[in-house]
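1. I'll drop the sequence and a predicted model, then ask my questions.
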Protein chains: 2
Amino acid sequence: MPEETNKINEGTRGPENTVYIGKKPTMNYVLAVVTQFNSGMPEVTIKARGNAISRAVDVKEIVLNRFLPNVKEKAIKTSSEELVNEDGTRSKVSAIQITLIK
Amino acid sequence: MPEETNKINEGTRGPENTVYIGKKPTMNYVLAVVTQFNSGMPEVTIKARGNAISRAVDVKEIVLNRFLPNVKEKAIKTSSEELVNEDGTRSKVSAIQITLIK
């Protein structure tokens, strides 16, 4: 499952220049995004699910307003994903995908 | 300050068919959005700040996937707002604005 990989890559570079937002301090993810752009990536995608969605928006706002004013928003998409809980039941969780471009 | 008015209108119709997301159960806001569309509004905007941003995305996903499949996303915008705390200090908070159209 790609979701498992996402957790391991949390806050680091995932496939296709993606930063997955988890429960670490916001600035960790800001640094991850800034580092990717500074290493030459023309495009970075921020992904989050559930309560981390608010933090994803914080990361985007801080990167654009404070660190990289020449980076722009390319797209924001939201979606709904189905998770299987530990007890086998299924629940839906919202997700967001924010793509930034230099 | 418009912020004060927003709090009063939370979950109800604000200016320009806006639903402000607060701390009430998600379905309250889903109902508010569905009611506005069913009363003839062609467009409804969902607004949230801080931790309520995740709930705003939940509301959008539930309205589109479960209640009003003919409603589409028109635009998603994020922004950064400055708040004055009780002790007079200022802090920034992220905000989201999701516009839905029938």
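-> Nice, thanks for sending it over.
2. And the contacts of the helix ranked longest in chain A?
-> Assignment by DSSP state H gives helix A:26-38 as the longest helix of chain A. For helix A:26-38, the external contacting residues (C-beta atoms under 8 Å, 6 or more residues apart in numbering or on different chains) are A:11-13, A:17, A:19, A:21, A:44, A:46, A:55-56, A:58-59, A:62-63, A:67-68, A:71, A:100, A:102. For every residue, glycine as well, the C-beta is placed using N, CA and C.
3. Return the set of buried residues in it.
-> In terms of neighbour count (16 or more other C-beta atoms under 10 Å in any protein chain shown), helix A:26-38 has its buried residues at A:26, A:28-34, A:36-37.
4. Show me which residues of chain A sit near chain B.
-> A:50-54, A:57-58, A:60-61, A:65, A:73, A:76, A:78-80, A:92, A:94-96, A:98 (C-beta under 8 Å from any C-beta of the partner chain).
5. Let me have the buried residues of helix A:26-38 in CSV, adding distance to B:Glu86 and pLDDT as columns.
-> As requested, the buried residues of helix A:26-38 are exported to CSV (distance: C-beta to C-beta, whole Å; pLDDT from 0 to 100):
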residue, distance to B:Glu86, pLDDT
A:Thr26, 22, 96
A:Asn28, 28, 97
A:Tyr29, 28, 98
A:Val30, 27, 97
A:Leu31, 31, 97
A:Ala32, 33, 97
A:Val33, 32, 97
A:Val34, 32, 97
A:Gln36, 38, 95
A:Phe37, 37, 95
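6. Can you tell me which of those comes closest to A:Asn85?
-> Nearest to A:Asn85 among the buried residues of helix A:26-38: A:Tyr29, at 25.9 Å, using C-beta to C-beta.
7. if I look at the closest one, how far off is A:Glu81?
-> According to C-beta to C-beta, to the nearest Å, A:Tyr29 and A:Glu81 sit 20 Å apart.
8. next one: A:Val44
-> Relative to A:Glu81, A:Val44 is positioned 21 Å away (C-beta to C-beta).
9. and the nearest residue to A:Leu64 once chain neighbours are set aside, how many neighbours?
-> Leaving aside its chain neighbours, A:Leu64 sits nearest to A:Val71 (5.9 Å; criterion: C-beta to C-beta, 6 or more residues apart in numbering or on different chains). By other C-beta atoms under 10 Å in any protein chain shown, the residues close to A:Val71 number 19.
10. What separation do you get for A:Val71 and A:Lys92?
-> In terms of C-beta to C-beta, A:Val71 sits 32 Å off from A:Lys92.
11. again, but for A:Lys24
-> 25 Å.
12. So the residue of chain A most remote from its centre: helix, strand or coil?
-> Relative to the centre of chain A, the most outlying C-alpha is that of A:Asp87, 27.4 Å out, by C-alpha atoms, centre = their mean. Three-state call for A:Asp87 (DSSP: H, G, I helix; E, B strand; the rest coil): coil.
13. about what we covered before: the residue nearest to A:Leu64 reaches A:Glu61, doesn't it?
-> No. Assessed by C-beta atoms under 8 Å, A:Val71 is found out of contact with A:Glu61, at 11.7 Å.
14. Do a quick rundown of the strands in chain A.
-> A:18-20, A:43-49, A:72-84, A:90-101 (DSSP state E).
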